[in-house]
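Engineer: only geometry, no sequence info:
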């Protein structure tokens, strides 16, 4: 069997996330449908991870296996002609047979965008929240460093999270103002379902209180989703990049 790796971008606002569902449009479902038409056979694709409903991707990675050697230029353009305009395959390449887009990933990075000014052009891709631009970014970065390293992130995952292992290693986390945008960046070896948006919402909340670092340690230790704060809206979140060995 030959193994092919795809790098994909998508606008998530019309989809119920990455993962295929029976009664809802998903990115995986659209891609598998396009591959079925293009290759004239059913193909199952595996993503590097699932994104929630409404979340976007700049660098999602997936792979699929097929016996036939493919003309990658033709297949890429055929898929892009078949999927909706809010999904784009930006690269297809043949990889080793044992490559797995999920299990071989060593680092995943997400970004979240805030808007200082209301804009009809960015409303679907950033959270209009002028208040956060009044926060001290140096302080926010210092607070956020509390979450770096290996921790049990049960308090930041959905209560129905299927994964038993709730430990994640956060490698980098920071905030940066760029013009009238505030960018939040986080990278780690893995993320739980709903974790990134819960982390952002909690960091915004503890920033307003006293002893925020101690508060974060307490939230981690409680291992209870109700201990953390409300998640930020999905439309500002992007799966930015997935890195492999």
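Structural biologist: That came through fine. The structure displayed is predicted, hence computed values, not measured ones.
Engineer: where's residue 7 relative to residue 60, distance?
Structural biologist: 7 Å (C-beta to C-beta, to the nearest Å). (C-beta placed from N, C-alpha, C; glycine too.)
Engineer: and the two? which has more neighbours close in?
Structural biologist: Neighbours per residue (other C-beta atoms under 10 Å) separate residue 7 from residue 60, with residue 60 holding more: 30 against 20.
Engineer: Report the buried residues of the helix or strand where that one lies.
Structural biologist: If you go by DSSP states H and E, residue 60 is part of strand 56-66. For strand 56-66, burial by neighbour count (16 or more other C-beta atoms under 10 Å) applies to 56, 57, 58, 59, 60, 61, 62, 63, 64.
Engineer: Check stretch 17-25 too.
Structural biologist: So for stretch 17-25, counting by 16+ other C-beta under 10 Å, buried means 17, 18, 19, 20.
Engineer: re earlier: starting from the strand holding residue 60, tell me the next helix or strand along the chain.
Structural biologist: helix 72-82.
Engineer: any idea of the pLDDT on residue 62?
Structural biologist: At residue 62, the model reports a pLDDT of 98.
Engineer: from what I can see it touches residue 32, true?
Structural biologist: No. Here residue 62 does not reach residue 32: they are 9.7 Å apart, not a contact under C-beta atoms under 8 Å.
Engineer: what's the overlap in contacts for these two?
Structural biologist: Taking C-beta atoms under 8 Å, 6 or more residues apart in numbering as the contact rule, residue 62 and residue 32 both touch residue 45.
Engineer: can you list the domains in this structure?
Structural biologist: 2-95, 111-244 (automatic domain parsing).
Engineer: Dump the ones you listed to CSV, plus distance to residue 104.
Structural biologist: Below are the domains of the chain laid out as CSV (distance: least, C-beta to C-beta, whole Å):
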stretch, distance to residue 104
domain 2-95, 9
domain 111-244, 5
